[in-house]
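> Here is my input; please provide its structure:
(chains A and B)
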Number of protein chains: 2
Amino acid sequence: MAMQRTPLLMSNIVERGAKVSPNEEIVTATEAGVRRQTYQDTRDRAHQLAHALKAVGIGIGDRVGTFMWNGARHLEAYHACAGMGAVLHTLNIRLGAKNLEYIINHAADKLIIVDADLLPLLEPLRDRVPCVRHVVVATEEGFAGWSTELPNAVDYEAFIDGQPSQYDWPQIDECSPLGLCYTSGTTGHPKGVEYEHRSQYLHTLTQCLTDSMALSAVDTILGVVPMFHAMGWGIPWSALMLGSKQVMPHRFMSPQRLLDLIVSEGVSISAGVPTIWQGIKGLVEANPDAYDLSCLSRVTCGGSAPPASLIRWYWDALGVEMVQGWGMTETSPLAALSRRVMKRSQLQLSPEEQFANMAKAGQIMPGMEIDIFDENFNPLPHDGKTIGEILVRGPWICSEYFNNPQPERFHDGWLLTGDVGMIDPEEYLIISDRSKDLVKSGGEWISSVDLENHIVALDGIAQACVVAQPHPKWDERPVALVVLAPGKSVNAQRIRDHCATAFAGWQLPNDVLFVESIPLTSTGKMDKKVVRANLAEQGYQLPELRARAG
Amino acid sequence: MAMQRTPLLMSNIVERGAKVSPNEEIVTATEAGVRRQTYQDTRDRAHQLAHALKAVGIGIGDRVGTFMWNGARHLEAYHACAGMGAVLHTLNIRLGAKNLEYIINHAADKLIIVDADLLPLLEPLRDRVPCVRHVVVATEEGFAGWSTELPNAVDYEAFIDGQPSQYDWPQIDECSPLGLCYTSGTTGHPKGVEYEHRSQYLHTLTQCLTDSMALSAVDTILGVVPMFHAMGWGIPWSALMLGSKQVMPHRFMSPQRLLDLIVSEGVSISAGVPTIWQGIKGLVEANPDAYDLSCLSRVTCGGSAPPASLIRWYWDALGVEMVQGWGMTETSPLAALSRRVMKRSQLQLSPEEQFANMAKAGQIMPGMEIDIFDENFNPLPHDGKTIGEILVRGPWICSEYFNNPQPERFHDGWLLTGDVGMIDPEEYLIISDRSKDLVKSGGEWISSVDLENHIVALDGIAQACVVAQPHPKWDERPVALVVLAPGKSVNAQRIRDHCATAFAGWQLPNDVLFVESIPLTSTGKMDKKVVRANLAEQGYQLPELRARAG
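Purely as a prediction, here's the structure:
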């Protein structure tokens, strides 16, 4: 042994922020304003929470569910579970009761911490989750008088009150489980991804690299992405390690409230899905002089690819760099990332070339392997043209699902991501589509994502969703569903003409349907499965087939 | 198993630079100019070198010595050894033949790669290192016609010529040895520190954090610190991972040449010991308008603490941030680091307060534990006043020396650093001195480093070295050796008066000796052991004792 065998436990880094910046703030949005709490307090309360959890029988490896918004108490649960070796199971509050019931029982959560305002969503499960022995109710302003039908419910503050603020974290194996997060499966039951101390430790370091998200103790971070999505994209862990100011929106998720928080708290970096940034863009455009956003330097966008026009707008209008991240629950999630200038040779690029790179999914994070393969798992060339299934390998990539291995999702140590795309000669990953959302027309593939991003760049379009529809000759053809911006009118021909400036004739949508809204998944992405199901239910047919039928 | 068990091998990150920036440059200084080589070429040549090493019998775990300047071929040796699982043993070219003989035999190096101009330093070992079966001679411009008395010597280019440029790196245990570096011990034989893949992997990520050295692929990095000192402070590894442009000075280590390289190659970050930066400061001051240093944003200073006045000069005169790093060969080396603004609360500090923080050894790197202890290993308070012995613990800290455990240098899993210092309430580490260089006067400690830094801030002083001298009553008293700047004259009284502005009477040096130069160690630090030995040899006595004797 030449070097110390210090295990890569999150408890070894999660308290650094409180050590070096004890007085820095965790800010939680409330009805009337915000609630502030220092890192030192957060650390002390996390130790108290760990003692309280232990007192009711939570041990190393036991699952502790959270059914919570982003807030200081949720962060305390992160910290406490990481320290004591319990497994933080972040429940998705957007899921229906049936999925929740399955997930809680599958994970065998022994205790659930729930935000008081979310109790009504959990109460339908009352007699259906026998594994849950305790419910701890966290309250923010206005919810002190909560009551619930759930058995064994106790107030969070009463739960931790009087517990010591020093818990000697156990030294456990670095590959011990740290967290659990279920993906909303498109088929079958949701599947659990179990994060480990080692994997999250490495992910945390990687996220804070200058050539990654460049998180710093100088930053004020607003994580809009829920802490129940892939551990809030890892941001709570990074912030705890660094001691960055954290701003947490709790249940106040409207673009207006988020925008106000950015301004009032001096947020320097935020992270969320593209729809959030579309919403904020709309507010700023409607009232260009109302907001001083000089504090904001970058926003990280993930979940789905932001349109190039959105990236461009944030830079041109606000001087804000939109950092695109690519990953999924199974990849912890950060696997690739794209910044405006990622290397020295890009300093000389024109703004247009820089934006073109930003619209790619990004460059591979150190330690990751990302490659594209054909259907027989032969690697494909990195020429920026050949499309293949994207597989990922590395120390924070899922190797099987929790108590449900799903071997068909893995190949020879690689994770099959379900995304298809290209890798260019500079090793940029370019996502074409989810493999199940590609339009297969006449033996060629049409990317629904490319069409959507192009359509949404047209003035007057708020959202676009392209799905495949069956065609007797071509197998599938694309159809675009479009949501117009308020007060705007754009006709179908204009959209087709606009697409024709960038796509070949055979790639153009066969139909444009104007709709009020696009259904979203529980993670805020367009739910194309539901879109396709709705069209089928309505008996939708492509125009030329209708004509024939007629 | 929930996450993939990808081992933390340097081979998994060391080629990322060549992947994402194949055309970025490795620049090596030559007599007449520079030699340029791309990352792609460097990677291919490293694979060829690995094949060539394997062909002469180098296997996993075998030691490969390098006796080289900083240059592209040295980097190839780093890359090749990391990939194939051989152990890169970087020999310190400043050591005498006796120490080299001990080290090479102790490490049992099977092969040594040597820069042709350094052959004369190795030739005295001709029959004294029987373990060495091959010598590979690397040549830059002007040395093609080398010849040597060393047996089995082959030219580097001939050695790798015709080897395939693809070596399938073996998947070895992540705790396998990666490198070996001997510290020039002050007593007894030099001791070897063995770096492991895992430890260096974590060190590399940590060095590239925004809140650490913030290395980036956008940087042009000039590592002045030799690649035989603690793996060049880890910089070659980080640059290989990121794909940063690297500038390597080879044997051209004069401040003038370094300064010219910074300007001509557009260096953005450099790293070296304080004497280097003192030298460059002198050149710029002598000719203020001659150098466009707008490219340079920061210099990392390690090895010994830079005087506050030097930190200040670089910021005021050049807008260059001097980043102080603290560590040693045993700590891989980065353990703590100080930047101008390390956290949000420091944005509001006055420049003076920011400089005061920069003069501290720094904040603890994530994953490190640094603490101070009394002689019975009781932890001491972090009040910024209590001085104790500094101990370090963490995943890239040495746990024993190579084939020479030295248990007295370790305690309960911690490394005894040999430094003494304080930790302040914001968890800044402040080094007082090497424990063996402290002046113990009348039961109190006087920091030689503090006195030196104060003296050197006086106009006209180029260098200052404070050592203890025996005193019958006080046990020890400080004596200052001073080197004047060229053409300057400062008398002893002026120096004493200057010290009296900041130190108590009992802390002032009892004598000031004007000298031509201060002897340096092989790592470029002031060699106080030699200074003390020289004074003893000269029969030096403190003035008041001389007077009595007289």
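> CA atoms for contacts and neighbours, from now on please.
OK.
> Count residues in the vicinity of A:Ala317, would you?
By other C-alpha atoms under 10 Å in any protein chain shown, the residues close to A:Ala317 number 12.
> Can you name the element that comes right after the helix or strand encompassing it?
According to DSSP states H and E, A:Ala317 maps onto helix A:308-318. Sequence-wise, the next helix or strand downstream of helix A:308-318 (DSSP H and E) is strand A:321-327.
> Distance check, A:Tyr167 against A:Ser11.
11 Å (C-alpha to C-alpha, to the nearest Å).
> what does A:Gly59 give?
15 Å.
> Look at these two and report which has more neighbours.
Per other C-alpha under 10 Å, whichever of A:Gly59 and A:Ser11 has more neighbours is A:Ser11, with 24 against 17.
> Now do the contacts for the more buried one.
Contacts for A:Ser11 (C-alpha atoms under 8 Å, 6 or more residues apart in numbering or on different chains) come out as A:His79, A:Ala82, A:Gly83, A:Trp169.
> Same check on A:Asp219?
A:Ser244, A:Lys245, A:Val267, A:Ser268, A:Ile269, B:Lys343, B:Arg344.
> quick one: average pLDDT of stretch A:493-511?
Confidence for stretch A:493-511, expressed as mean pLDDT, is 92.
> Stretch A:267-284 too?
pLDDT averaged over stretch A:267-284 gives 94.
> Could you show which parts of the stretch 51-200 of chain A are in contact with chain B?
Counting by C-alpha under 8 Å from any C-alpha of the partner chain, the stretch 51-200 of chain A comes close to chain B at A:Pro177, A:Val193, A:Glu194, A:Tyr195, A:Glu196, A:Ser199.
> Quick check on these: which are buried?
Burial by neighbour count, judged by 16 or more other C-alpha atoms under 10 Å in any protein chain shown, picks out A:Pro177, A:Val193, A:Glu194, A:Tyr195, A:Glu196, A:Ser199 from these.
> mind listing what the helix or strand hosting A:Ala468 pairs with, with the direction of each?
Taking DSSP H and E as the definition, A:Ala468 sits inside strand A:461-471. Under the criterion DSSP bridges, strand A:461-471 sits next to strand A:475-484 (antiparallel) in its sheet.
> Name the residues that touch the helix or strand that comes right after the strand it pairs with?
Next helix or strand after strand A:475-484 toward the C-terminus (DSSP H and E): helix A:492-500. With C-alpha under 8 Å, 6+ apart as the test, helix A:492-500 has contacts from A:Leu451, A:His454, A:Ile455, A:Leu458, A:Leu508, A:Pro509, A:Val512, A:Leu513.
> Try it again at 7 Å.
Contacts with helix A:492-500, where a contact means C-alpha atoms under 7 Å, 6 or more residues apart in numbering or on different chains, come from A:His454, A:Ile455, A:Leu508, A:Val512.
> Specify the angle between it and strand A:475-484 in degrees.
120 degrees (axes from the mean of the first three to the mean of the last three C-alpha atoms, to 10 degrees).
> For helix A:492-500, which residues meet the burial criterion?
For helix A:492-500, using 16+ other C-alpha under 10 Å, the buried residues are A:Ile495, A:Arg496, A:His498, A:Cys499.
> Please tell me how far it is from the chain's geometric centre.
Here helix A:492-500 shows a centroid-to-chain-centroid distance of 32 Å under the convention C-alpha atoms, centre = their mean, to the nearest Å.
> same question, stretch A:43-51
27 Å.
> and what of stretch A:232-250?
On C-alpha atoms, centre = their mean, the centre of stretch A:232-250 falls 14 Å from that of its chain.
> Can you give me the end-to-end span of it?
13 Å.
> hang on, the earlier thing: what residues does the helix holding A:Ala317 touch?
Residues contacting helix A:308-318 (C-alpha under 7 Å, 6+ apart): A:Val320, A:Glu321, A:Met322, A:Phe355, A:Ala359, A:Ala457.
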